[in-house]
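Student: compute the structure for the input listed below.
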Amino acid sequence: GERTKANGQTQNNNRFRQPCQWNLYLFAESKRHKYQQKTGDTEMIVSKPMVLINRSESIHRSVIFLLAVFLFFFLSIPAYSTIRYVKAENATPVYPFTSWETASDSLQKVVNMCESGDTIMIGSGIYRELVRSERTNISLSFIGTDVDSCIFDLSGFSPNAEFVFLYVYHSINVENLNFTTTTQMNDHYGIFVGFSPFPQNINVRNCLFSNLDKCIDAPKASGEISDNYFYKVNNAIKNSDRPSGEFIKIYNNTIIRSGETAIRCSFGLIHNNWVIFDQGVGIQGSGFFRSEQQIYNNFITKIIPPAYYFGLLDAEGKIINNVIIGVGVGIRPIGSEIKNNVIAYCSEAAIRFTSPGHSLNNNINFNSFYQNNLISYDLSLFNPDTTIYYTSDPMFENQDSNNFLLQMFSPLINAGDPNILDVDG
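Tutor: Numbers count the residues shown, from 1 in each chain. Model prediction:
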């Protein structure tokens, strides 16, 4: 069967896309006119209709035509994006902010003047302004030079009111930025993507979020959220509605000590995330409306077990190869395929169904349940031939150091779904 591999390390890749290169291929076809000349007569005779040809005028018209074609294609090519610079407390800001020497001292000033496709490079420093962009059909990139020193700090704002550092209505790319606020209970956001009539794409990579109530809230966006680190936040990632484009991908994130819902995503691919929460939920679907999730290879636990909290809540789709340990309820599914998971030390039940309707159309096979209070309140839904190891220790390599690879003689090796190809056992 599949082995669960949890990796909490983040990556620090400071790369962004370069402008596209365009090649123009202009093709012009010239028509040949056949002339017939009478012997001893200077009059030119051409095929019908009878026209007297002036060569210089014909060449002039051809040149004008070619210039018009070239101009049409040239105007059809999108302009190259511009890189603009922001540096906290820069003493020499000069419009249009296209170098570090002339960098803006305000992120909002640059956002106001940017065109779609522009990149905003953000230098080291502490930024305390609220940034808002209300245009809809554009895309901007916010790239920090260093994730540890490019700090967006909301701690100077009242914790009792809602404040959002980066509030946009359009597609964005965000990399290498550090969002933080006061350690008091607050209503502060890192990134919020408001409603737009146009498709939205959000890519957030290699960022740090700490102490915020909500970190990334992008209800209908497509895109990728990856390689980020969240610490002592209430809600790390929220993507609650069906996007107009492809489903979002949420992967390789580390979420430590979340207080409400670490990841809430109704339509998306959620894999290879580490979630160690204080209370609340690890990964949540919709519950009231239909969800469609693919939840693979995640590690979910509560920091101080046992407690009445959920590893996966209202998950609907494919739940495969996850490790869920030390929560109240491991999985509360809705019509899902549940395979190759290790669910252990749950204080209430490994799998629980809230209503009879939620227990329909589930495919629960090849899972390992170890030292749970109950496997489920309704074991009739489980195939005893493919439900493995109620009591055997999974034999993780070193659970105390968060190494959940299987030891050489683990009873789970080669005990999972035989239809899944796993070359190393």
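Student: wait, H358 touches I351, no?
Tutor: No - counting by C-beta atoms under 8 Å, H358 does not reach I351; the two are 10.6 Å apart. Bear in mind the C-beta positions are built from the backbone N, C-alpha and C, glycine included.
Student: hmm, A350 and I375 touching each other?
Tutor: Yes - with contact defined as C-beta under 8 Å, I375 reaches A350; the gap is 5.0 Å.
Student: looking at these two, which one has more neighbours?
Tutor: When neighbours are counted by other C-beta atoms under 10 Å, A350 comes out ahead of the other of I375 and A350, with 27 against 20.
Student: make sure the more buried one is indeed in a strand.
Tutor: Yes - looking at A350 with DSSP: H, G, I helix; E, B strand; the rest coil, it is inside a strand.
Student: which residues touch it?
Tutor: V329, G330, I331, I343, N367, F369, N372, L374, I375, S376 (C-beta atoms under 8 Å, 6 or more residues apart in numbering).
Student: measure the third one to N206 for me?
Tutor: Same thing as I331. Note on I331: its distance to N206, by C-beta to C-beta, to the nearest Å, is 30 Å.
Student: and what of the fifth one?
Tutor: Separation of N367 from N206 (C-beta to C-beta): 34 Å.
Student: returning to that earlier point: who has more neighbours out of I331 and N206?
Tutor: More neighbours surround I331 than the other of I331 and N206, with 32 against 21 (other C-beta under 10 Å).
Student: you'd agree the more buried one is up against E316?
Tutor: No - between I331 and E316 there is no contact under C-beta under 8 Å: 11.0 Å.
Student: which stretches of the stretch 1-150 of the chain have low pLDDT?
Tutor: Applying pLDDT under 70 to the stretch 1-150 of the chain flags residues 1-80.
Student: hmm, back to that, what do H358 and I351 both touch?
Tutor: R332, P333.
Student: so what's in contact with I375 and A350 at the same time?
Tutor: Common neighbours of I375 and A350 (C-beta under 8 Å, 6+ apart) are F369.
Student: on that earlier part again, for ChimeraX, what selects the buried ones among the contacts of A350?
Tutor: Filtering those down to the buried ones (16 or more other C-beta atoms under 10 Å) takes a single ChimeraX command:
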select :329,330,331,343,367,369,372,375,376
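Student: inside strands: which ones of the contacts of A350?
Tutor: Of the contacts of A350, the ones assigned to strands by DSSP state E are V329, G330, I331, I343, F369.
Student: shouldn't the last one be in contact with A349?
Tutor: Looking back up the chat, that one is F369. No - counting by C-beta under 8 Å, F369 stays clear of A349, with 9.6 Å between them.
Student: joint contacts of these two?
Tutor: I375.
Student: dump the strand or helix carrying I237 to CSV, keeping only the CA atoms.
Tutor: I237 belongs to strand 235-239 when assigned by DSSP states H and E. Extracted in CSV, the C-alpha atoms of strand 235-239 (Å, rounded to 0.1, in the frame of the first residue of the first chain):
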residue,chain,number,x,y,z
ASN,A,235,-8.0,30.3,9.5
ALA,A,236,-5.1,29.7,7.2
ILE,A,237,-6.7,29.0,3.8
LYS,A,238,-10.3,29.5,2.7
ASN,A,239,-11.6,28.7,-0.8
